[in-house]
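the sequence isn't on hand, but the structure is:
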């Protein structure tokens, strides 16, 4: 399950823990500073070990996790969740942000020319009939 001396590359661990779909996406995120290891910006080849703290930003969401285990292969979601522990503060912040995003009104988009049904909806929203 672990590499040599209980260390593995950060991009490979992020991929195995299912934070990113591919290793190249994980490497790009690390390179662009969206992943911090122990509050320091690192390169994709940086090795992480058990007990390291990671700060991962995915879009608007922020995960603050502690590495619990290493895995060289990508498994299922339940197996990936065993590789890390998210802090309670991080989980609460994500839940609050998700609630705020859900509470915002969704934009009304049409593709191409509106249909008769779409025109009626537009009129209803404008306060027409």
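Now that the structure is in, tell me what you want to look at. Owing to the predicted nature of the structure, the values given are computational and were not obtained by experimental measurement.

quick one, phi/psi of the closest residue to residue 9 other than its chain neighbours?
In this structure, residue 9 finds its nearest non-sequential neighbour in residue 45, 5.8 Å apart by Cβ to Cβ, 6 or more residues apart in numbering. The way it works is simple: take the backbone N, C-alpha and C, and place the C-beta from them, glycine included. When quoted as degrees, to the nearest 10, the phi and psi of residue 45 stand at phi -80, psi 0.

likewise for residue 32?
phi -90, psi 0.

now swap in the one 5 residues further on and tell me
Summarising the backbone geometry of residue 37 under the convention degrees, to the nearest 10, its torsions are phi -110, psi 120.

likewise residue 85?
In this entry, residue 85 is assigned phi and psi values of phi -130, psi 120 (degrees, to the nearest 10).

cool, and residue 13?
Per-residue torsions, residue 13: phi -70, psi -40 (degrees, to the nearest 10).

dump the residue contacts of the closest residue to it other than its chain neighbours.
The shortest distance from residue 13 to any residue that is not its chain neighbour, by Cβ to Cβ, 6+ apart, is 5.6 Å, and that residue is residue 48. Applying Cβ atoms under 8 Å, 6 or more residues apart in numbering, one finds that residue 48 lies in contact with 7, 8, 9, 10, 13, 37, 54, 67, 70.

return the helix or strand in this structure with minimum mean pLDDT.
helix 116-126 (a mean of 88; mean pLDDT, DSSP states H and E).

ok, residue 32 - how many residues close by?
The burial count assigned to residue 32 is 10, neighbours taken as other Cβ atoms under 10 Å.
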